[in-house]
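Chemist: Mind folding the following:
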Amino acid sequence: MKKPSILIAHPYLSSSGGSNTVAAWAIQALRDDYEITLGTLGAVGCDALNHNFGTSLRREDFNVRIAPAHWRGMAQYMPTQGALLSQCITMRWARTLDREYQYDALMSTENECDFGRKGLQYIHFPWFYLPRPEIELQWFHHIPGVLHGYRNLCESIAGATADGLRRNISLANSAFIADRIQSVHKMPAKVLHPPVPGGFPVVPFAARIQGMISLGRMDHVKRWENAVEIVDRVRSGGIDISLTLISHRHDEDYARRIETLAATRPWFRILYDLPRAQLVQEVARHRFGLHTMEEEHFGIAPAELQRAGCITFVHRSGGPMEIVGHREELMFDNSEQASERICRVIRDAALQDELRQFAEERGRHFSAERFCAELRERVAEISQLSPFKEGRTRSC
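Modeler: All right, here's what the predicted structure looks like:
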């Protein structure tokens with residue numbers, strides 16, 4: 001019996017970032033039941049994906065169809081990152097592939113996609129939505145007419161229409177994003193939280209160090225200097241606490257700024273590019289997590305911290321508020337408020353124990369297994385076919 005076929009459209013499947021985590025785990029979730037083709041703009045390395053995301057992908061699990069060089073060149077020679085342009089080129093490539101191969105199901109793991117017929121789209125932040133979060137804007141966005149012209153160019157390349165995007169079934173990475181989808185597209189979206197890799201060892205809370213730990217790429221949007229400021233304030237209140245940042249290099253200039261802060265603070269260390277096996281051990285050694293990014297669309301990093309059993313503090317914005325269950329004790333508006341709330345939790349043993357149990361319970365929701373199971377249900381609805389079954393054990 002032949003497996004049903006599915007095309008997954010995703011611009012570049014690299015080994016960092018929330019959308020790439022979703023794409024990698026989507027392939028893993030569907031590989032046993034579907035013949036998968038990845039329509040993309042670049043090569044894929046399974047070892048790097050498995051290293052960072054905790055997947056177990058093999059190249060034979062899926063076919064890779066890379067868009068023609070002249071299409072990819074439009075994105076490669078942009079003076080900026082051009083994420084929307086890459087997405088729109090991928091959209092056009094997906095329609096081309098579908099005309100030729102007529103897949104049983106179509107899916108985008110990088111926001112909205114007009115396939116020319118009904119598909120499934122996983123939305124991290126709707127690309128029609130304006131204004132974008134201020135922290136995402138760069139200098140060229142403020143030049144009059146540039147953003148409007150760029151978006152018009154992208155839409156013309158994609159050949160997308162608002163009706164074409166609305167015909168799909170939409171999944172949102174958080175209720176925060178589902179609200180924005182409703183606002184811009186006037187359509188509902190079901191919340192499917194991204195897969196959060198686990199594998200953290202069980203370390204009793206009393207055996208952990210009194211330290212803060214943060215996860216995320218070295219980029220200004222993560223606001224790591226604010227994390228340092230918060231711990232500075234906690235320490236100035238007489239509490240001996242450390243800060244560990246597990247990161248990977250993204251912006252070298254910004255990395256040097258944060259490394260300068262670490263050089264004058266023996267209690268602050270930065271660990272780059274840890275293998276997954278080492279990362280889970282390091283995170284599980286800490287009692288507390290800290291996430292300082294504003295308007296994060298979801299926030300896989302704070303969800304990972306919770307899965308590790310860390311009491312995690314987040315900025316009062318975006319998806320991370322959902323991750324911590326909107327608990328007031330765990331959200332902050334600024335560095336001063338964050339330090340006050342951290343100090344309170346450290347000094348109040350009863351509150352600390354309550355929040356520890358809350359973190360453990362909340363963390364169990366954000367699992368890769370839950371994501372895989374629910375995604376398979378949604379894809380089966382789209383394809384209107386029974387997934388291929390051969391009595392094999394699920395790989396996630």
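Chemist: can you map out the strands along this structure?
Modeler: 5-9, 35-40, 63-66, 105-108, 120-123, 169-172, 190-191, 209-215, 242-247, 268-272, 286-291, 311-315, 331-332 (DSSP state E).
Chemist: tell me the angle the second one makes with strand 5-9.
Modeler: Just to be clear, that refers to strand 35-40. 20 degrees (axes from the mean of the first three to the mean of the last three Cα atoms, to 10 degrees).
Chemist: Which elements pack onto strand 35-40?
Modeler: Strand 35-40 sits against strand 5-9, helix 18-30, strand 63-66, helix 83-101, with contacts defined as 3 or more Cβ pairs under 8 Å, 6 or more residues apart in numbering; DSSP states H and E. Placement of C-beta: from N, CA and C, glycine included.
Chemist: The fourth one now?
Modeler: Judged by 3+ Cβ pairs under 8 Å, 6+ apart, strand 105-108 is in contact with strand 5-9, helix 83-101, strand 120-123, helix 368-383.
Chemist: and residue 46, which of the ones you listed is closest to it?
Modeler: strand 5-9 (14.6 Å; Cβ to Cβ).
Chemist: which strands and helices sit next to that closest one?
Modeler: Strand 5-9 sits against helix 18-30, strand 35-40, helix 83-101, strand 105-108, with contacts defined as 3+ Cβ pairs under 8 Å, 6+ apart.
Chemist: try 6 Å
Modeler: If you count contacts as 3 or more Cβ pairs under 6 Å, 6 or more residues apart in numbering; DSSP states H and E, strand 5-9 packs onto strand 35-40, helix 83-101, strand 105-108.
Chemist: Verify the contact between residue 31 and residue 63 for me.
Modeler: No: using Cβ atoms under 6 Å, residue 31 is not in contact with residue 63, being 11.1 Å away.
Chemist: Neighbour count for the two, which is higher?
Modeler: Neighbour comparison, residue 31 and residue 63: the larger count goes to residue 31, with 19 against 14 (by other Cβ atoms under 10 Å).
Chemist: and the more buried one, how far is that from residue 61?
Modeler: Counting by Cβ to Cβ, to the nearest Å, the separation of residue 31 from residue 61 is 4 Å.
Chemist: Let's have the helices and strands packed on strand 5-9 in TSV, adding distance to residue 118, mean neighbour count and mean pLDDT.
Modeler: Output for those, formatted as TSV (distance: least, Cβ to Cβ, whole Å; neighbours: other Cβ atoms under 10 Å; pLDDT from 0 to 100):
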stretch	distance to residue 118	mean neighbour count	mean pLDDT
strand 35-40	17	22	98
helix 83-101	12	20	93
strand 105-108	8	28	96
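Chemist: pLDDT below threshold where in the stretch 251-396 of the chain?
Modeler: In the predicted model, the stretch 251-396 of the chain carries pLDDT under 70 at residues 384-395.
Chemist: Dump the strands of the chain to JSON lines, plus distance to residue 298.
Modeler: Output for the strands of the chain, formatted as JSON lines (distance: least, Cβ to Cβ, whole Å):
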{"stretch": "strand 5-9", "distance to residue 298": "19"}
{"stretch": "strand 35-40", "distance to residue 298": "22"}
{"stretch": "strand 63-66", "distance to residue 298": "26"}
{"stretch": "strand 105-108", "distance to residue 298": "17"}
{"stretch": "strand 120-123", "distance to residue 298": "11"}
{"stretch": "strand 169-172", "distance to residue 298": "9"}
{"stretch": "strand 190-191", "distance to residue 298": "10"}
{"stretch": "strand 209-215", "distance to residue 298": "14"}
{"stretch": "strand 242-247", "distance to residue 298": "18"}
{"stretch": "strand 268-272", "distance to residue 298": "23"}
{"stretch": "strand 286-291", "distance to residue 298": "11"}
{"stretch": "strand 311-315", "distance to residue 298": "11"}
{"stretch": "strand 331-332", "distance to residue 298": "15"}
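Chemist: Tell me which of the ones you listed lies nearest to residue 198.
Modeler: Of the strands of the chain, nearest to residue 198 by Cβ to Cβ is strand 209-215, at 13.8 Å.
Chemist: who does that closest one touch, helix- and strand-wise?
Modeler: Short answer (3+ Cβ pairs under 6 Å, 6+ apart): strand 209-215 packs on strand 242-247, strand 286-291.
Chemist: for these, which one ends up most surrounded?
Modeler: Most buried of the helices and strands packed on strand 209-215, by mean neighbour count (mean count of other Cβ atoms under 10 Å): strand 286-291, with a mean of 26.
Chemist: domains for the chain, by residue range?
Modeler: 5-195+368-383, 205-363 (automatic domain parsing).
Chemist: In a markdown table, list those domains along with distance to residue 396.
Modeler: Formatted as a markdown table, the domains of the chain follow (distance: least, Cβ to Cβ, whole Å):
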| stretch | distance to residue 396 |
| --- | --- |
| domain 5-195+368-383 | 4 |
| domain 205-363 | 15 |
